[in-house]
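Participant: Structure for this input, please:
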Amino acid sequence: MTDSGSDERSPWSRALGVVSAVGPPVTVATALLFYFGWARADAQAAYMGLNVSLFGYGIQDYLLISINALFLPLVCILAAAIAWLALDSWLRRRIEEGRGRSLILRAAGIGGLISGLVVGISLLLTVLEPARTALFTPYLMALGVLVATWCIHLRRRGRDRTAPVLSAEQHAVETTLVLSIVTLLLFWGTADYAQALGRRLAVDFERGVQFMPRAEVYSAKPLGIGSAAVQEVSVGTADAALYRYDGLRLLVLSGGRFFFLHDGWTPEDGTVIVLPDDNSVRIEFKR
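Facilitator: Model (predicted):
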């Protein structure tokens, strides 16, 4: 009866193993991409004196915004994960075969202790001196938690190679707690990195505004643009009024609105001009 129950649970165990191994990483990665895109866009908009909601970005927009900046880090993380799996498999095999077992256990103990100290010191410095916290500190803490947990598992494996040290419930709780801590640290680090990148991009707009597409806006009614860098020129007739506005640079078209900067724009004293994407204005772009 025990064997039958074990056979009945085996497919479910394998299915749950696949879900736990594939589902959570994909979910966390998607959430990180979305959160990174939103945090980057929010910091960039705030540095320019705007609210990110004005751009009307959707979920897909935030994901696309984040992929360009996170593509290389994600590839590096996946490559490191593959290398870690290979190293973990090699060390476990040596422990089971009894080759260098004492040396591996000793190194795992030292590595776990050092990782724990790194996490504790980083957290203490973050609490005491938050303004001086390095940008990569949350990622360093996440790595420390993972390495410390891995070292503990290696030592457990080496002490008892036949019976599990923890029950299935205890192991599930431990894994959930570790993944929760690592996920929170990743979101923390992602927010800091995204905000720094967003502010840097806003500064880059100031340096590269002259390279943005030049735009001429035509309107049958005065638009009343309140920037001295934007010139209003009447090009119509007495019967058909028409006004042209020069000195504009296209920033982005999003959410049914055109966002323009002007020549000489700076985050400190510049103006962002927002016009609707409809028939009320006509826009010509030039190089």
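Participant: Please make it C-alpha for all contacts and neighbour counts, starting now.
Facilitator: Fine.
Participant: shaky segments in the stretch 101-250 of the chain?
Facilitator: In the predicted model, the stretch 101-250 of the chain carries pLDDT under 70 at residues 131, 160-168.
Participant: Show me what the helix or strand harbouring R93 packs onto, helices and strands only.
Facilitator: Assigning secondary structure by DSSP states H and E places R93 in helix 59-97. Identification of packing neighbours for helix 59-97 by 3 or more C-alpha pairs under 8 Å, 6 or more residues apart in numbering; DSSP states H and E yields helix 2-47, helix 101-128, helix 137-159.
Participant: relative orientation of the second one and helix 59-97 in degrees?
Facilitator: For the pair helix 101-128 and helix 59-97, the angle between their directions (axes from the mean of the first three to the mean of the last three C-alpha atoms, to 10 degrees) equals 150 degrees.
Participant: what comes up buried for helix 101-128?
Facilitator: Residues of helix 101-128 classed as buried under the neighbour-count rule (16 or more other C-alpha atoms under 10 Å) are 101, 104-105, 108-109, 111-113, 115-116, 118-119, 122-123, 126.
Participant: For the residues you listed, work out which two are farthest apart.
Facilitator: Farthest-apart pair in the buried residues of helix 101-128 is R101 and T126; separation 37.2 Å (C-alpha to C-alpha).
Participant: What is the subsequent helix or strand relative to the host helix or strand of R199?
Facilitator: Secondary-structure element containing R199, defined by DSSP H and E: helix 168-208. For helix 168-208, the succeeding helix or strand toward the C-terminus, using DSSP H and E, is strand 214-219.
Participant: roughly how far out does that following strand sit from the chain middle?
Facilitator: Here strand 214-219 is found 36 Å from its chain centre; the criterion is C-alpha atoms, centre = their mean, to the nearest Å.
Participant: residues making contact with that strand?
Facilitator: For strand 214-219, contacts defined as C-alpha atoms under 8 Å, 6 or more residues apart in numbering pick out 242-250, 280-287.
Participant: What of stretch 129-148?
Facilitator: Counting by C-alpha under 8 Å, 6+ apart, residues outside stretch 129-148 touching it are 111-113, 115-116, 118-119, 122-123, 125-126, 178, 181-182, 185-186, 188-189, 192-193.
Participant: Just the buried positions in that stretch, please.
Facilitator: Neighbour-count burial for stretch 129-148, with 16+ other C-alpha under 10 Å as criterion, is recorded at 137-148.
Participant: what would these look like in JSON lines with distance to G256?
Facilitator: Putting those into JSON lines (distance: C-alpha to C-alpha, whole Å) gives the following:
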{"residue": "T137", "distance to G256": "39"}
{"residue": "P138", "distance to G256": "37"}
{"residue": "Y139", "distance to G256": "38"}
{"residue": "L140", "distance to G256": "41"}
{"residue": "M141", "distance to G256": "42"}
{"residue": "A142", "distance to G256": "40"}
{"residue": "L143", "distance to G256": "42"}
{"residue": "G144", "distance to G256": "46"}
{"residue": "V145", "distance to G256": "45"}
{"residue": "L146", "distance to G256": "45"}
{"residue": "V147", "distance to G256": "48"}
{"residue": "A148", "distance to G256": "50"}
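Participant: Perfect, that will be all.
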